[in-house]
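Asker: Below: sequence and its predicted model.
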Amino acid sequence: MKPTELVGASPGPTFTITFDGRQLDALPGQSIAAVLWSAGVLTWRTTRGGRQPRGAFCGIGQCYDCLATVNGRPNRRACLVTARPGDTVTTQEGSGHAGFEK
Amino acid sequence: MPGSRSDARRLGDRAAEGYETPPSEHDPYAHDPYAHDPHAHDPYEHDPCEHTPYEHDPYDLAVIGAGPAGLAGAVTAAELGLSVALLDSAPQPGGQFYRHPAPATHATRPEALHHDWPVFTDLRDRLRTGDVTCLFDHHVWTVTREAENDWTIHALTADPGPGPGEEQRSTRVRARAVLLATGSYERQLPFPGWTLPGVVGAGGAQAMLKSGLVLPGRRVIVAGSGPLLLAVAGSLVTAGAEVPELLEASSYFGYARHPRALATQPHKLTEGAHHAKALLRHRVRPRTRHAVTEAHGKDRVEAVTVSRLDHEWRPIPGTERRIDCDALAVGHGLIPQIDLATGLGCATRRTPDGTHALALSPLQETSLRGLWSAGETSGVGGAQHALGEGELAALAVASRLTGRRPAPRSRLRSLRRRRDRMNAFADAMAVTHAPGEGWTRWLSDDTDVCRCEEVPADRIREAITEYGARDARSVKLLTRAGMGWCQGRVCGWAVSCLSSPPCATAPPEAPPSTAPDRRPLATPVPLGVLANLTTPERQPPTTPHPPDLPPHHPTEGQPS
């Protein structure tokens, strides 16, 4: 059984957000991290030092591992930001401020 | 505030954005005109702070955190006639324990992942009927004390909005007393591969499932220590995941040494039975004295190594097994989230598993007069514990503010008795699941201990052996471990273990070997907001960011 079926969530009306150019379906009220997980995406950031892939870890806004660039703003905690129709999420490289990096 | 004209307008606006569907007859929220909109709970129209900061009369009580303790505290205080503001960073009440899908998902069975749902719906209903100003989506970053009965809560709203110019707003709430009910977060012990995507906190997997209705993978191993793992594994299998292994690093025999603490907790046994039922149905059997000692994969976790542990949590050579999986949910208990209180200098105590909790009076007051606390902040004891403490604290606050004896006194006495019993159980639980010292043997030299700053174990050991660091603070200054975005919330415990062992199993009466973390800011704050604090008290309702400052860039490397 899927989690949405378990809690009897209505499937519609879903909307889409864009992740690195891909259209992903979102349920109203889901966080951006949840939308990405439900599409099987676990990685949406690379670290500043080792350029290692990261995604959601603590799920409650404590660890800051899930930082993403949302609608052009870097360093948004994807597990806390509620997805809205038309949101554009892009993989965040390093600090997300490419112009300021060494 | 509920059902007002402004709520109707907001619902209309959001329908235009494609958020709303007509309420179905099976919709449990259908009776509630504002429940469909996750933001409609937040009565900005009536928020006196938005337009006129500091011009509103102080609330009698500000409650920070809308989990079990905060909800119980807020509704009890309101029903005793106090004016109450309830702040929480989430868009809806519940905290982590009663976390549930947003109303907009139209979940008809939100109780499916909970075993105590009616307790929550009762509190939520009382919250709506009582006179509580709910300030959800508010991130409290500090609390200041102007005078004995004059507190200010500083918060940022969560969502800057998609467009330019739609920045976070800063808000200040004044109150005569404060109840801290900020709960806890998960304790993590690093191991090779733990930074791979697909390795998630056990509580993190639970949180994402409860509210986001998503799973990190299909085949999820659950590992770590503490009773939360049973709940997490139970939720995951109920929601359709396969849990091939459920690994507990301790053994449950620890509880047997505290028969009295167990016997007085029938609710814990019911809760345990609830999880056991789900696990049995899916043939998941907890394996004690086992741990994941390495995660494997390139871009995400593909398999883990599981080892048997001795009683000190040292992996026993030759017992390693490799198990395929596409996710790992891991956690080693909970750490009280007390930074708002330690920032004010409140006294703490060491819990039997080595964490720091607030030291409280028998009536839940911190060492600072007027600042109360309830729930996991005073020691991790579960939701029932938190509910009782929240109610007890509210009775005490009402008594203090009104100068009358708390009524009924029999209720006060029974709450205190129950709290003391539950404290005994919480201590037994902490001792049973306290990390053994041998966990540090899981670390390889290149295992990142600090995830934010990517500080590997050998750099931390070098700081200790080569540069003479003797405590977590020195290690932090030498290596930057704990100086990144999360401010040491994830790595702090591990770093202090490596710096000054033995880290856990300290008896509660022992002096703390390390000071609790002190963070002057509990959440990142734009510099513009801090700069505006020096301006006269009456400031414009929004505090725009300077154009050259990224609005949501967390403050890094701040001293703490």
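Answerer: Cool, got the structure.
Asker: Report pLDDT for B:Arg257.
Answerer: For B:Arg257, the model assigns a pLDDT of 82.
Asker: So the nearest residue to it once chain neighbours are set aside versus chain A, what's the distance?
Answerer: Of all residues not flanking B:Arg257 in the chain, B:Ala428 sits nearest, at 7.6 Å (C-beta to C-beta, 6 or more residues apart in numbering or on different chains). Bear in mind the C-beta positions are built from the backbone N, C-alpha and C, glycine included. Separation of B:Ala428 from chain A (C-beta to the nearest C-beta, to the nearest Å): 26 Å.
Asker: could you list every residue that touches B:Ala428?
Answerer: B:Gly254, B:Tyr255, B:Arg257, B:His258, B:Ala261, B:Leu262 (C-beta atoms under 8 Å, 6 or more residues apart in numbering or on different chains).
Asker: repeat that for 10 Å
Answerer: Shown in contact with B:Ala428 (C-beta atoms under 10 Å, 6 or more residues apart in numbering or on different chains): B:Gly254, B:Tyr255, B:Ala256, B:Arg257, B:His258, B:Pro259, B:Arg260, B:Ala261, B:Leu262, B:Gln265, B:Pro352.
Asker: now do B:His290
Answerer: For B:His290, the contacting residues are B:223, B:245-249, B:306-309, B:315-316, B:319, B:321, by C-beta under 10 Å, 6+ apart.
Asker: For the lengthiest helix in chain B, buried residues please.
Answerer: As assigned by DSSP state H, the longest helix anywhere in chain B is helix B:409-433. By neighbour count with 16 or more other C-beta atoms under 10 Å in any protein chain shown, helix B:409-433 contains the buried residues B:412, B:415-416, B:418-419, B:421-433.
Asker: And the average pLDDT for that helix is what?
Answerer: Mean predicted confidence for helix B:409-433 is 93.
Asker: Show me what counts as buried in the helix or strand that it is followed by.
Answerer: Helices and strands here follow DSSP states H and E; after helix B:409-433, the next one along the chain is strand B:448-450. Across strand B:448-450, burial judged by 16+ other C-beta under 10 Å covers B:Asp448, B:Val449, B:Cys450.
Asker: which residues pair with the first one across the strands?
Answerer: Spelled out, that is B:Asp448. Per DSSP bridges, the residues bridged to B:Asp448 are B:Pro456.
Asker: hang on, isn't it packed against A:Gly50?
Answerer: Yes. B:Asp448 is within contact range of A:Gly50, at 8.2 Å (criterion: C-beta atoms under 10 Å).
Asker: which neighbours do those two share?
Answerer: B:Thr195, B:Glu454, B:Pro456.
Asker: and B:Val259, how many neighbours?
Answerer: Careful, residue B:259 is Pro; it's not Val. Neighbourhood size, B:Pro259 [other C-beta atoms under 10 Å in any protein chain shown]: 10.
Asker: For it, grab phi and psi.
Answerer: In terms of degrees, to the nearest 10, the main-chain angles of B:Pro259 are phi -60, psi -30.
Asker: Tell me which residues touch the most far-flung residue of chain B relative to its centre, please.
Answerer: Here chain B reaches farthest from its C-alpha mean at B:Gly318, the gap being 37.5 Å by C-alpha atoms, centre = their mean. Contacts for B:Gly318 (C-beta under 10 Å, 6+ apart) come out as B:Ser307, B:Arg308.
Asker: Next, it: secondary structure please.
Answerer: Using DSSP: H, G, I helix; E, B strand; the rest coil, the structure places B:Gly318 in coil.
Asker: State the distance from it to A:Gly49.
Answerer: Distance of B:Gly318 to A:Gly49, given as C-beta to C-beta, to the nearest Å: 35 Å.
Asker: and if you look at B:Arg400?
Answerer: In this view, B:Arg400 and A:Gly49 are 50 Å apart by C-beta to C-beta.
Asker: cool, B:His100 as well?
Answerer: Taken as C-beta to C-beta, the span from B:His100 to A:Gly49 is 37 Å.
Asker: that older thread, B:Arg400 and A:Gly49: which has the busier surroundings?
Answerer: Using other C-beta under 10 Å as the criterion, B:Arg400 and A:Gly49 rank with B:Arg400 on top: 18 against 12.
Asker: For the more buried one, identify the helix or strand it belongs to.
Answerer: Counting by DSSP H and E, the element that carries B:Arg400 is helix B:383-402.
Asker: quick one, strands of chain A?
Answerer: Here chain A has its strands, by DSSP state E, at A:15-19, A:22-26, A:45-46, A:53-54, A:67-70, A:73-77, A:88-90, A:92-93.
Asker: give me the beta-bridge partners of A:Arg77?
Answerer: A:Leu67.
Asker: Now stretch A:39-46 - C-alpha only, CSV.
Answerer: Extracted C-alpha coordinates of stretch A:39-46, given in CSV (Å, rounded to 0.1, in the frame of the first residue of the first chain):
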residue,chain,number,x,y,z
ALA,A,39,9.7,11.1,-7.7
GLY,A,40,12.6,8.9,-6.5
VAL,A,41,15.0,11.9,-6.3
LEU,A,42,17.2,11.7,-3.2
THR,A,43,19.9,14.2,-4.2
TRP,A,44,19.5,17.9,-4.9
ARG,A,45,22.7,19.4,-3.6
THR,A,46,26.4,19.0,-3.7
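Asker: pretty sure B:Ala233 is touching B:Gly226, no?
Answerer: No. Applying C-beta under 10 Å as the test, B:Ala233 and B:Gly226 come out as separate, 12.0 Å apart.
Asker: Flag the shaky bits of the stretch 101-250 of chain B, pLDDT-wise.
Answerer: For the stretch 101-250 of chain B, residues meeting the criterion pLDDT under 70 lie at B:161-166.
Asker: Kindly report the same for chain A.
Answerer: Low-confidence segments of chain A (pLDDT under 70): A:98-102.
Asker: By residue count, which helix of it is the longest?
Answerer: helix A:32-38.
Asker: packing partners for that helix?
Answerer: Packing contacts for helix A:32-38, counted by 3 or more C-beta pairs under 10 Å, 6 or more residues apart in numbering or on different chains; DSSP states H and E, involve helix A:3-6, strand A:15-19, strand A:22-26, strand A:67-70, strand A:73-77, strand A:88-90, helix B:202-212.
Asker: May I see the buried residues of that helix?
Answerer: Those would be A:Ile32, A:Ala33, A:Ala34, A:Val35, A:Leu36, A:Trp37, A:Ser38, for helix A:32-38 by 16+ other C-beta under 10 Å.
Asker: how close does the second one get to B:Leu156?
Answerer: According to C-beta to C-beta, A:Ala33 and B:Leu156 sit 20 Å apart.
Asker: same thing with B:Gly198?
Answerer: 31 Å.
Asker: What of A:Thr14?
Answerer: Applying C-beta to C-beta to A:Thr14 and B:Leu156 gives a distance of 30 Å.
Asker: and those two? which has more neighbours close in?
Answerer: Neighbour tally, A:Thr14 and B:Leu156, criterion other C-beta under 10 Å: the higher count belongs to B:Leu156, 24 against 15.
Asker: how close does that one get to B:Asp57?
Answerer: Distance from B:Leu156 to B:Asp57, by C-beta to C-beta: 23 Å.
Asker: repeat for B:Arg321
Answerer: Distance from B:Arg321 to B:Asp57, by C-beta to C-beta: 64 Å.
Asker: Residue 84: neighbour count?
Answerer: No chain was given, so I picked chain A. So A:Arg84, with other C-beta under 10 Å, has 20 neighbours.
Asker: try chain B instead
Answerer: Residues within reach of B:Val84, counting by other C-beta under 10 Å, total 29.
Asker: How about B:Val199?
Answerer: 28.
Asker: Quick check: bridge partners of the residue nearest to it when sequence neighbours are not counted?
Answerer: Closest residue to B:Val199 apart from its sequence neighbours, by C-beta to C-beta, 6+ apart: B:Leu328 at 4.7 Å. Under DSSP bridges, the beta-bridge partners of B:Leu328 are B:Val199, B:Ile221.
Asker: What of B:Ala147?
Answerer: B:Asp150.
Asker: Next one: it from B:Ala434, what distance?
Answerer: 41 Å.
Asker: from the chain's centre, how far out does the longest helix of chain A sit?
Answerer: 6 Å (C-alpha atoms, centre = their mean, to the nearest Å).
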